[in-house]
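Novice: next input, structure requested:
(chains A, B, C and D)
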There are 2 protein chains.
Amino acid sequence: MDVKSLCLGALSLKDASGYEIKKMFEEGPFSHFYDAGYGSIYPALNKLLADGFVTCTEIEQEGRPAKKVYSLTETGLSSLKEDLNKLPVLDKTRSESITMLFFGHLLSPKHREEILESYIDYFRNGCECIEGVDPTGQPAGRLFVRGLGLAVYEAAANYMEENKDLLLSIDEENDETEKQNNLLVETGDAA
Amino acid sequence: MDVKSLCLGALSLKDASGYEIKKMFEEGPFSHFYDAGYGSIYPALNKLLADGFVTCTEIEQEGRPAKKVYSLTETGLSSLKEDLNKLPVLDKTRSESITMLFFGHLLSPKHREEILESYIDYFRNGCECIEGVDPTGQPAGRLFVRGLGLAVYEAAANYMEENKDLLLSIDEENDETEKQNNLLVETGDAA
DNA sequence: ATAACCATGTAAATGGTTACATGATTAG
DNA sequence: CTAATCATGTAACCATTTACATGGTTAT
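Specialist: This next block holds a predicted model:
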């Protein structure tokens, strides 16, 4: 599963241009479990076009640049189904916020709280973003994923709010160490 | 934040060899929010050694290959703290399981259930894996992250178990479409 | 005016995975 | 006897990100 398959997936929902596919990835429910930039979408679409998995119609617009709208072909749909019927690769999550909180004892209290608060905001925004999309009439798969995203984001935000003090308590525990650490950061001149 | 910073982080907990760092990533609470293979860890350690961020002691062992145990230097610790005091990059999650369930209507009912069940197992195993590590005496940061992982995994597993029927109900809704889709998969000969 | 949005693309750089290479020991 | 564990490393490959390049329109 790469950006090519992802584009095929997006096009299975509706015909779209590269620009619109990007929007689908970052605005729709898509954004919460996969992402892709222009630098990967445009080459992917050109590759799919060359392979006959999509067709392309150039559409002139008044007062806007022309856009290339892509449609799935029958071979494109078959290819997508083949991808979809493989066994999924295990999830890969890369969270710098969690990594930083994990090493909370090396952080200044101020920065630790800053990270915590913006991470809570991140999940609350995620919830709002999902809730903002009207689920009426959506197929079961998308409803399921929507609910899963909501459940996970809410659980994360709630846990963090309820356990803030666990992280903030480091201050009292390690007060002396903290001071030394901060001194080191101020003094140290690493590359 | 790359594998180099991650190695510095691991070494801030205790001195270790590349092999041991890998184990920390895949067994400890680490595994749930970041991962790295030998192909990135060994080059990272050599780079860190060349930069003076770590020192290396070769330790001969009876009946085992010699191992290189790395320790953080003062500049290494400063560098780690610098990394840690930046603003974290937003989480990046890549879930093929969710992508596949999202396109549930294009999946055979059997495969859809298979993905769902093994995804639930994945989260349940994640919980067991986290619970399997004794939290006694761990610093606040690690306790916090431990609890967060547990909360998120439990929420995901519970949601999926409670809403299984949402996905399995696609069969009745789209019975005719399904048959056509399956026919297409069997007939189609995409590259 | 200035930023944001619409719209497409390429090239270089980054960073990581996979496969390969080696080899002894121990547990099932 | 076979698989797993311990232990290190390189080279090729791959995918994606970032920076660059261009340019009109619309909203603030």
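
Novice: residue contacts, the closest residue in space to residue A:169 that isn't next to it in sequence?
Specialist: Closest residue to residue A:169 in three dimensions, ignoring its sequence neighbours and counting by Cβ to Cβ, 6 or more residues apart in numbering or on different chains: residue B:140, at 5.9 Å. Yep, even glycine has a C-beta here, placed from its N, CA and C like the rest. For residue B:140, the contact set (Cβ atoms under 8 Å, 6 or more residues apart in numbering or on different chains) comprises A:104, A:105, A:166, A:167, A:169, A:170, A:173.

Novice: interface residues of chain A facing DNA strand C?
Specialist: A:17-20, A:23, A:38-39, A:42-43, A:45-46, A:61, A:64-68 (Cβ under 7 Å from any atom of the strand).

Novice: make a ChimeraX selection of the buried ones in these.
Specialist: Only the buried entries of the residues of chain A next to DNA strand C go into this ChimeraX selection, using 16 or more other Cβ atoms under 10 Å in any protein chain shown:
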select /A:17,18,20,42,45,67,68
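
Novice: next step: the residues of chain A next to DNA strand C restricted to helices.
Specialist: Those of the residues of chain A next to DNA strand C mapping onto helices are A:18, A:19, A:20, A:23, A:38, A:39, A:42, A:43, A:45, A:46, per DSSP state H.

Novice: can you name the two of those residues that sit furthest apart?
Specialist: With distances taken as Cβ to Cβ, the most widely separated pair in these is A:23 and A:46, at 18.9 Å.

Novice: that older thread, what about the contacts of residue B:140, which are in strands?
Specialist: Using DSSP state E, no member of those falls within strands.

Novice: OK, contacts around residue A:115?
Specialist: Counting by Cβ under 8 Å, 6+ apart, residue A:115 has contacts A:97, A:100, A:101, A:107, B:87, B:88.

Novice: now the third one: how far from DNA strand C?
Specialist: Translated: residue A:101. 19 Å (Cβ to the nearest atom of the strand, to the nearest Å).

Novice: list the helices and strands the helix or strand where that residue lies packs on?
Specialist: Per DSSP states H and E: residue A:101 is located in helix A:96-102. With contacts taken as 3 or more Cβ pairs under 8 Å, 6 or more residues apart in numbering or on different chains; DSSP states H and E, helix A:96-102 sits against helix A:109-131, helix B:3-13, helix B:140-162.

Novice: related to what we said a few turns ago, of the residues of chain A next to DNA strand C, list those near DNA strand D.
Specialist: Within these, those near DNA strand D by Cβ under 7 Å from any atom of the strand are A:38, A:39, A:43, A:64, A:65.

Novice: now do the second one against residue A:67, distance only.
Specialist: Here residue A:39 is placed at a distance of 18 Å from residue A:67 (Cβ to Cβ, to the nearest Å).

Novice: need the contacts of residue B:140 in TSV with distance to DNA strand D, neighbour count and pLDDT, can you?
Specialist: Formatted as TSV, these follow (distance: Cβ to the nearest atom of the strand, whole Å; neighbours: other Cβ atoms under 10 Å in any protein chain shown; pLDDT from 0 to 100):
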residue	distance to DNA strand D	neighbour count	pLDDT
A:104	25	25	84
A:105	26	17	86
A:166	31	17	89
A:167	27	22	88
A:169	34	13	80
A:170	30	20	72
A:173	32	12	53
